[in-house]
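In: sequence? don't have it. structure:
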């Protein structure tokens, strides 16, 4: 398409914000300082917490099963989300003015990639749990090779979906189609994006509802089932953990997707800009909540976290006479106790 036919080609980001009537200021405001001041520590915590989850799953052999590999990939998606939010924070407010079209689109693509990876990964977890629960197995029989291929496919799809606006589905050459929340995005893309994710949410909720109805019907007859009661309890506990992750994800992301859908439908009375930042903060909290769910719901995960902290503490404080080593010694003793308990538990299996 020739530049004469494409009015937005070569224009800076400020031009599109003016077209969408979205305020962008060159001066720093108090809200901008709050966003940077609070956002950076939260993003760093998100990155470190999810990195710990990934290390724990690699470290502990009790987690070497398809469901935990997928949960580890979920942690990778949350870690990527933390990096994406950190990049967004340093390219927001007055910094937005200096962005080129490609830089702005890449900024949005990173967020879309992390969301797509999380959504598809949760869908894979839902299907895996459906298959294992209805065959009354604790873990799937899926081979490691298939799990790796599935994870690669998840990220390939996430990259493709994230690059769709960059590859052409934007409003650079159709200024009348520019959205308000994301001034370089086409309204049609926002409608497609929001409906696709909301539909996926509905499918996952339907799958888990069916699973829980089945588990509830079978729980009373668990003693008569060929699976031991302890495995049945573990199966239900793992289902609850995964369901909490799904519930937190749906709760955190649905408001933002609804805002995008309303903006895509050109709802002038919805005041989407009024709620935009709040929805983004809630969505960011999802990547913060998941590691907390892992540590609170899974005893083995919590124990592995303590072992990791124990080793980090041991390496970080080499002087035994340092008073600060009291906490490290406490962690060491707790790690030793948990190791002994785990050994006894493994010997009884």
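Out: Happy to help now that I have it. Quick caveat, the model's predicted, so the values are computed rather than measured.

In: would you map the helices across the stretch 51-200 of the chain?
Out: 66-89, 101-134, 144-163, 187-219 (DSSP state H, counting those that start in this stretch).

In: any idea which of the ones you listed is most buried?
Out: helix 66-89 (a mean of 22; mean count of other CB atoms under 10 Å). All C-beta atoms are positioned from the backbone trio N, CA, C, and that covers glycine.

In: what about stretch 172-183, start to end distance?
Out: Distance across stretch 172-183, first residue to last, is 9 Å (CA to CA, to the nearest Å).

In: renumber starting at 7 from here on
Out: With the count now opening at 7, the last piece we talked about shows up as stretch 178-189.

In: which residue packs closest to the residue nearest in space to the middle of the chain, ignoring adjacent ones?
Out: By CA atoms, centre = their mean, the chain has its centre lying nearest to residue 84, at 3.7 Å. Distances taken as CB to CB, 6 or more residues apart in numbering place residue 293 nearest to residue 84, at 3.9 Å, with adjacent residues excluded.

In: kindly calculate the angle that the helix or strand where the one you found lies makes with helix 107-140.
Out: Using DSSP states H and E, residue 293 maps to helix 278-303. Counting by axes from the mean of the first three to the mean of the last three CA atoms, to 10 degrees, helix 278-303 points 40 degrees away from the direction of helix 107-140.

In: what mean pLDDT does helix 278-303 get?
Out: For helix 278-303, the mean pLDDT works out to 86.

In: which parts of stretch 22-42 are buried?
Out: Residues 22-23, 25-26, 28, 30, 38, 41 are the ones in stretch 22-42 that count as buried (16 or more other CB atoms under 10 Å).

In: circling back: helices and strands around the next helix or strand along the chain from the helix holding residue 293, which ones?
Out: Next helix or strand after helix 278-303 toward the C-terminus (DSSP H and E): helix 305-322. Using 3 or more CB pairs under 8 Å, 6 or more residues apart in numbering; DSSP states H and E, the elements in contact with helix 305-322 are helix 36-65, helix 278-303, helix 331-354.

In: of all those helices, which one is nearest residue 131?
Out: Between residue 131 and these, the tightest spacing by CB to CB is seen for helix 278-303, at 12.0 Å.

In: give me the distance between the closest one and the centre of its chain.
Out: 9 Å (CA atoms, centre = their mean, to the nearest Å).

In: stretch 160-177 too?
Out: Offset of stretch 160-177 from its chain centre (CA atoms, centre = their mean): 18 Å.

In: ditto for stretch 185-202
Out: With CA atoms, centre = their mean, you get 20 Å for stretch 185-202.

In: what's in contact with that stretch?
Out: 19, 22-23, 25-28, 107, 110-111, 114, 118, 170-171, 175-178, 180, 183-184, 263-267, 269-272, 278-279, 282 (CB atoms under 8 Å, 6 or more residues apart in numbering).

In: before we move on, what about stretch 29-38?
Out: Residues contacting stretch 29-38 (CB under 8 Å, 6+ apart): 19-20, 23, 98-100, 102-103, 283.

In: what is the end-to-end distance of that stretch?
Out: By CA to CA, one end of stretch 29-38 lies 13 Å from the other end.

In: and residue 16, what helix or strand is that in?
Out: Counting by DSSP H and E, residue 16 is found in no helix or strand.
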